[in-house]
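Trainee: with the sequence up front, the predicted model follows.
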4 protein chains.
Amino acid sequence: MRKLMKERLVGVSEETTTGVKRLYQMQANGTLLFPAINVNDSVTKSKFDNLYGCRHSLPDGLMRATDVMIAGKVGVVCGYGDVGKGCAVALKQAGARVIVTEIDPICALQALMEGFQVLTLEDVVSYADIFVTTTGNKDIIMVDDMKKMKNNAIVCNIGHFDNEIDMSGLENYPGVKRITIKPQTDRWLFPETNTGIIVLAEGRLMNLGCATGHPSFVMSCSFTNQVIAQLELWNERKSGKYEKKVYVLPKHLDEKVAALHLGKLGAKLTKLSQSQADYISVPVEGPYKPAHYRY
Amino acid sequence: MRKLMKERLVGVSEETTTGVKRLYQMQANGTLLFPAINVNDSVTKSKFDNLYGCRHSLPDGLMRATDVMIAGKVGVVCGYGDVGKGCAVALKQAGARVIVTEIDPICALQALMEGFQVLTLEDVVSYADIFVTTTGNKDIIMVDDMKKMKNNAIVCNIGHFDNEIDMSGLENYPGVKRITIKPQTDRWLFPETNTGIIVLAEGRLMNLGCATGHPSFVMSCSFTNQVIAQLELWNERKSGKYEKKVYVLPKHLDEKVAALHLGKLGAKLTKLSQSQADYISVPVEGPYKPAHYRY
Amino acid sequence: MRKLMKERLVGVSEETTTGVKRLYQMQANGTLLFPAINVNDSVTKSKFDNLYGCRHSLPDGLMRATDVMIAGKVGVVCGYGDVGKGCAVALKQAGARVIVTEIDPICALQALMEGFQVLTLEDVVSYADIFVTTTGNKDIIMVDDMKKMKNNAIVCNIGHFDNEIDMSGLENYPGVKRITIKPQTDRWLFPETNTGIIVLAEGRLMNLGCATGHPSFVMSCSFTNQVIAQLELWNERKSGKYEKKVYVLPKHLDEKVAALHLGKLGAKLTKLSQSQADYISVPVEGPYKPAHYRY
Amino acid sequence: MRKLMKERLVGVSEETTTGVKRLYQMQANGTLLFPAINVNDSVTKSKFDNLYGCRHSLPDGLMRATDVMIAGKVGVVCGYGDVGKGCAVALKQAGARVIVTEIDPICALQALMEGFQVLTLEDVVSYADIFVTTTGNKDIIMVDDMKKMKNNAIVCNIGHFDNEIDMSGLENYPGVKRITIKPQTDRWLFPETNTGIIVLAEGRLMNLGCATGHPSFVMSCSFTNQVIAQLELWNERKSGKYEKKVYVLPKHLDEKVAALHLGKLGAKLTKLSQSQADYISVPVEGPYKPAHYRY
């Protein structure tokens, strides 16, 4: 008789924020059927894919979808987490003036230290040129905000689902007209003014909808986390090391992911001597940082 | 009869890496006599003081000590932790070409993503113009390295003690001559070549020795952590909330430190709605991030 | 009887470097049949289209053609004129390490002041990842250079014709294989190694071949120069102001082009008082700079 | 009998904007007694000393005079010429938000393309933290502006004389109090509010008053221009090459100044082949650019 899939599975690895949240809920409920490794919170995932991936693919998506000159424009980045940090710096580097909206005072203070103005959406909605949501939350830019925007303001999301931007409110706005300029690039006209805004990728992830997502190098970091997690689960399947819980990838494996990517970029690491390692109380071969280290 | 000090003390707060390490050792040994709060690992300390403080005070120290033009020079930053990140970006922004040395592959990969070359000290010792140690370790630049440097290479430390740079080896080098150009700025001549290097602040923290340390705004973040920690210890002195252990500052207080500094910089925070807060499972008033969040 | 075209034409305006060169030759030869305005050398053309246009469209072309992650890579920019300056900063901002090649010591010193290494192509040909020609000259990257490059090095031109890169030498290399990955993106395999390089747009302008050229805002600056030049020629057709020579656009018109573009970006100009204007010996309404001013 | 000085002098070289202006006036009046070389308008002077010198020495002066944290602050740069460009980028790199004021629409558009907001002083006077004048004009910041500034706003000049900032108006303001914090750093209190502003170097050049001026490398470029101009005048004193007029330094000598500074920074120039030189119609050994080229 065939075994059930859950009996044949030795574990699971997961790299998305949303998926990881579900796993922690299952762990809390006691419904997690096998060990799980959360690779979303590996440093080589969250601090690379989210940050450097978006720094690349936000301007890529904007340029492919709209051909707009970013220099000289006012960009609003809603949220200054890893994704928001990548987006804000990308717009700044391209010559835009960038304003950040934030709920978290720590992230807001980080934005200020990088020279970004921190305001509310209400403050800037009437004069900004490009709006980007990166929050992972919902209801960030509502249809009432969109009505107040300049003609041909660009509105896009690179954070989460198509509820960061109130697509439902926009679609159901009485008398609104949607003009598809090209696939994934729509102009929405409000009847009161007959002017409108440009919404990318129907409010879904614009780097996937309007460009080709993150470049392969940074995805290689993410997927190496997956592969290493799978190998770890397989190698330890009989050792009892992993119970029916959610684990983050051990730091020495997180460091291994990074190490595997250095050669391609011509980097050479320095080696600790034994006495140096002893001096800072780490093994010569790593891991080098405590679990709470923030990078 | 007077009580002993340890009986009168209700707790301690500590903001240096080295001091915190001692407290954790005392906790491990069972010799910690009262609760301790580690404010070194508050986000508003480590990610501000170390990073933005040094971004400011490294060039400040270099300019006050040497008046050297940073643009066009090759700068080597040993270590790419928070201090190293601040130093590397400061030199880059001033127009230097920056090379990073690292032992940790994750930090090395971060350096690469920011456009820094990652090499070993040996690779660059003969041609770089400015060397900065930021590691918190010892024996980073040895006297044998210093002998190989260009005439008038600048060597300084902004990380830890005066053993990051091998000052002892330098002072005891046979025939070496020390010429004090001005206080905290010495030229050391090697007898073999009669050329030499410029060492700042006798290998101690150059931003303190050659400039005035970090600017007050960033120190206000650090000291607000101290004050809030002291208030917390005092307010909870009878509640039993804190045992004879080392604690990090609770995240809502870390966020409070940041919030207290936003007004000065003209920032306005966005407020979460209740339904948004529920959607991401945080309280409306924060804290907003899980403990492991890296900022 | 119909008049010949040359008799009906009142003048010509020209915005390309190559076209302008021809006009100056005709002036020298006495074969110029009507007045000509060189708008290529308007500040609002050469310092905008060439510099900011390429800063935008180089990464755009690279991303559309190859999806390559620019961060962490070594980019070589051949030439550090206006086009090269835009390209070098674009790659740097995206996280690449950039090396510049130059013949002109002044431009080379400018590159150094911005933190770029200045080397020869020969120095870097074996380890760089992305090569960009911006010189306006020929024979910059020869087939013998291409043979020495890393597998999958990207080679492209954003300067001039398809002779900056030795396309002819490449096409005629014995045994070379061309594999078209997609239109305008070819992999060329050398028979000796069976590895190869990726050439964009067949060596022609990669921002036109692989992306959509410069964005409209910067082209509006260029084309406004054209329109204003045409109006000037027409309005002065009977005044004798313009002889059968090549003229640059008068500075007050160059300033007008800029002024027409400020409102869109929300800028507000300061007005000179009469006494301030007198103090620096310019008219209140401009032009504000001497002809030799370099911006 | 002794000859008059004017009869013994073979020529003069001058590197300041103001001095050069006087020479051109003398030439126009017919009162110029010997040949003069204007080295102020050498590229290796105006585009290096003014731009890169100020990028270095503005933050240097601010830090030495006030120890203020630049990150997070709002900086206003009045004027976006070479000096203003250096100042604006220096403040931006240090983490400030920078606003530019300009009279010239071309320079204003350049500022916008770099992400700076362009407003009038009136728009920003009440909320900015740091004000820097770079215009070379007078009456830029008047005492009535200073009265509207925030308590402890910093006001300084790096452009021209102490009339860019209305020092006379400030000193004569009824009831104003001057508190010297340290030499070259004064707090001026207005009687109406008992709050005040911090003025650096009594309104004179703050990099000279509060720091040590530009670093030696960039001054070496300026002074090499002087030396080469003097040698040229001497060598040609009998050839009749130079009449009693003002000349700019010939471009091949401007290029020579740059070439002499490349080795120190480890740069290697590419050499033109004869056929490449012919292709762009320049000599193999330079000069490489037409007189009107803007760098």
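Mentor: Looks like it arrived, so ask away.
Trainee: what mean pLDDT does stretch A:116-132 get?
Mentor: Summarised as a single mean, pLDDT over stretch A:116-132 is 98.
Trainee: which parts of that stretch are buried?
Mentor: Buried residues in stretch A:116-132, counting neighbours by 16 or more other C-beta atoms under 10 Å in any protein chain shown, are found at A:116-121, A:123-125, A:128-132. All C-beta spots, glycine's among them, are computed from the backbone N, C-alpha and C.
Trainee: make JSON lines out of those residues and add secondary structure and distance to chain B.
Mentor: Listed next are the buried residues of stretch A:116-132 as JSON lines, based on DSSP: H, G, I helix; E, B strand; the rest coil; distance: C-beta to the nearest C-beta, whole Å:
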{"residue": "A:116", "secondary structure": "coil", "distance to chain B": "9"}
{"residue": "A:117", "secondary structure": "strand", "distance to chain B": "8"}
{"residue": "A:118", "secondary structure": "strand", "distance to chain B": "4"}
{"residue": "A:119", "secondary structure": "coil", "distance to chain B": "5"}
{"residue": "A:120", "secondary structure": "coil", "distance to chain B": "5"}
{"residue": "A:121", "secondary structure": "helix", "distance to chain B": "7"}
{"residue": "A:123", "secondary structure": "helix", "distance to chain B": "7"}
{"residue": "A:124", "secondary structure": "helix", "distance to chain B": "10"}
{"residue": "A:125", "secondary structure": "coil", "distance to chain B": "12"}
{"residue": "A:128", "secondary structure": "coil", "distance to chain B": "15"}
{"residue": "A:129", "secondary structure": "coil", "distance to chain B": "20"}
{"residue": "A:130", "secondary structure": "strand", "distance to chain B": "18"}
{"residue": "A:131", "secondary structure": "strand", "distance to chain B": "14"}
{"residue": "A:132", "secondary structure": "strand", "distance to chain B": "15"}
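Trainee: out of these, who's near chain D?
Mentor: A:116, A:117 (C-beta under 8 Å from any C-beta of the partner chain).
Trainee: of the buried residues of stretch A:116-132, closest to chain C?
Mentor: Closest approach between these and chain C, by C-beta to the nearest C-beta: residue A:129, at 8.8 Å.
Trainee: which residue packs closest to the closest one, ignoring adjacent ones?
Mentor: Of all residues not flanking residue A:129 in the chain, residue A:73 sits nearest, at 4.0 Å (C-beta to C-beta, 6 or more residues apart in numbering or on different chains).
Trainee: okay but that neighbour is in contact with residue A:131, surely?
Mentor: No. In terms of C-beta atoms under 8 Å, residue A:73 does not count as a neighbour of residue A:131; the distance is 11.0 Å.
Trainee: can you pull out the helices in chain A?
Mentor: All helices of chain A, identified by DSSP state H, fall at A:5-8, A:17-29, A:43-46, A:54-66, A:82-93, A:105-113, A:121-124, A:143-148, A:167-171, A:206-209, A:216-235, A:251-260, A:274-279.
Trainee: which elements pack onto the fifth one?
Mentor: Taking 3 or more C-beta pairs under 8 Å, 6 or more residues apart in numbering or on different chains; DSSP states H and E as contact, the helices and strands that helix A:82-93 lies on are helix A:54-66, strand A:74-78, strand A:97-101, helix A:105-113, strand A:130-133.
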